[in-house]
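>>> structure for this input, please:
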Amino acid sequence: MTKISSFVKYNRKKLKLTQAELAKRAGVGLRFVRELERGKETLRVDKVNLVLALFGFVLTPEKDGIDPYEIALRFLGNNSKFIDYPVIITLKNRIVKRGFIVKEILSQNDNKITAWEFLSHKNVLKYKRTSSERLTEIISHSEIENIESE
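As a prediction, this is how the structure comes out:
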């Protein structure tokens, strides 16, 4: 999966659209949406932009790094919370954190995933009783070197 494909799939699911509904709204074919979400390497840029425009985006160059939408798709599943999937997060400063991603945090100005609300293993039982945000911490996506399933 590519960053664009995971971004499109994440946002489509967030809006509870089928691939066919997304294709119709964007004015592209269903086959195009399927190929886009699978990460096909050769697609027409104008059609990619038609799909991205539905989410308020256009295709632009960006530095390579860990794809936040791939993380969201991998650990979100069909739930609105990630707490069912334990993760190991290695930060760029080499600190390793073990626990659960509670939810993604979106920037207010462009609605991109910029950070994660994280719950360490030691606070899980208290959190399940109270859901208190005081038990979680915010990890900026830009600080993450690697993330994997535990």
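
>>> check which helix or strand covers the nearest residue in space to residue 9 that is not next to it in sequence.
Excluding the flanking residues, the one nearest residue 9 by C-beta to C-beta, 6 or more residues apart in numbering is residue 37, at 4.8 Å. For the C-beta atoms, the positions are set from N, CA and C on the backbone; glycine is no exception. For residue 37, the host element (DSSP states H and E) is helix 30-38.

>>> elements contacting the helix or strand just after that helix?
Using DSSP H and E, the helix or strand that follows helix 30-38 towards the C-terminus is helix 45-53. Identification of packing neighbours for helix 45-53 by 3 or more C-beta pairs under 8 Å, 6 or more residues apart in numbering; DSSP states H and E yields helix 3-14, helix 19-26, helix 30-38.

>>> residues of the second one that come out buried?
In terms of neighbour count (16 or more other C-beta atoms under 10 Å), helix 19-26 has its buried residues at 19, 22-23, 26.

>>> what would the residues you listed look like in a markdown table with pLDDT and distance to residue 45?
Conversion of those to a markdown table gives the following (pLDDT from 0 to 100; distance: C-beta to C-beta, whole Å):
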| residue | pLDDT | distance to residue 45 |
| --- | --- | --- |
| 19 | 96 | 20 |
| 22 | 96 | 18 |
| 23 | 97 | 17 |
| 26 | 96 | 14 |
